[in-house]
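K.L.:
need coordinates for the below:
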Amino acid sequence: MTAPKTAMVLAAGLGTRMRPLTDDRPKALVEVGGRALIDHVLDRLAEAGVERAVVNVHWFADRLEAHLAARGRAPAITISNERAELLETGGGLKKAHPLLGDEPVFVANIDSVWTGGDTADWAVELIRLWDPTKMDACLLLARREGSIGFEGDGDFFLGDDGRLTFRGEAPSAPFAYMGVHITRPDYADGGPDGPFSLSPLWRASAAAGRLYGCVLDGDWMHVGDPQARDEAEARLNI
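P.N.:
Residues are numbered from 1 along each chain as shown. All right, here's what the predicted structure looks like:
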């Protein structure tokens, strides 16, 4: 499978759990290990061959746009403007579809930092597994045990063929979504107008046997609040 050349980067959120670090900036510009969160993600996507990233903006949008304009390295940036209304993950993808083209895309959160491999090792299995004829989305997962900043009971069970099922009524599941997946750019087009999450779409795809995933070979840090940011900083400085 050819690696996606375009990515959607979800950077418009309010970063409420990250306060007070987000009182004067978007969450995407909170720094970990000397780099803004969004630069960690964009640099990882560039490693995987992404040439252009569509970034949605809302909270402190002008400041984020200025930062992106000054980056001076791949990928090229296109802005999806959500200043008027924050659209969540599904609504953000739906709005950005005209900017993304028609080929499969990476979709990435900005609150994930990970280690493992000097190049695009993290993406190789995800790209190899992706098959649009039998799946709607292919998610990169992290093992719940040992991850920084994740305190939930896990999201998914992973079949031998890569098919995902949600935890449902089980007390726990071994894997969590770590913030990057491959999908079609029209995946959210059938969603409602205005804000909505990708989660219901994933649940429908899982029920239809069309949600797949593979496991990150590395350490995942979900940088969702100031404590997790400090823990991720400590891990990166080891």
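
K.L.:
can we go C-alpha only for contacts and neighbour counts from here?
P.N.:
OK.

K.L.:
for G224, give me its contacts.
P.N.:
Applying C-alpha atoms under 8 Å, 6 or more residues apart in numbering to G224 gives the contacts 15, 17-18, 111, 149.

K.L.:
surely it is within a strand?
P.N.:
No: checked against DSSP: H, G, I helix; E, B strand; the rest coil, G224 lies outside a strand; its state is coil.

K.L.:
for this structure, what's the longest strand?
P.N.:
Ranked by residue count, the top strand of the chain under DSSP state E comes out as strand 175-183.

K.L.:
just checking, what packs against that strand?
P.N.:
strand 105-109, helix 121-129, strand 137-143, strand 156-158 (3 or more C-alpha pairs under 8 Å, 6 or more residues apart in numbering; DSSP states H and E).

K.L.:
my guess is V55 contacts P75. True?
P.N.:
No: counting by C-alpha atoms under 8 Å, P75 is not a contact partner of V55; they are 10.9 Å apart.

K.L.:
V41 and A207, how far apart?
P.N.:
Distance, V41 to A207, using C-alpha to C-alpha, to the nearest Å: 30 Å.

K.L.:
tell me the mean pLDDT over the biggest helix by length in the chain?
P.N.:
Taking DSSP state H as the assignment, the helix of the chain that covers the most residues is helix 88-100. Mean per-residue pLDDT for helix 88-100: 98.

K.L.:
so that helix versus strand 105-109, what angle?
P.N.:
140 degrees (axes from the mean of the first three to the mean of the last three C-alpha atoms, to 10 degrees).

K.L.:
compare V41 and A207 and say which is more crowded by neighbours.
P.N.:
Between V41 and A207, counted using other C-alpha atoms under 10 Å, the more crowded position is V41 (22 against 13).

K.L.:
check which helix or strand that one maps to.
P.N.:
helix 37-47 (DSSP states H and E).

K.L.:
name every strand pairing with the next helix or strand along the chain from that helix and say which way it goes.
P.N.:
Using DSSP H and E, the helix or strand that follows helix 37-47 in sequence is strand 52-57. Next to strand 52-57 in the sheet, as set by DSSP bridges, lie strand 6-10 (parallel), strand 76-81 (parallel).

K.L.:
residues contacting the last one, please?
P.N.:
The one in question is strand 76-81. By C-alpha under 8 Å, 6+ apart, strand 76-81 touches 51-58, 65, 68-69, 95-96, 99.
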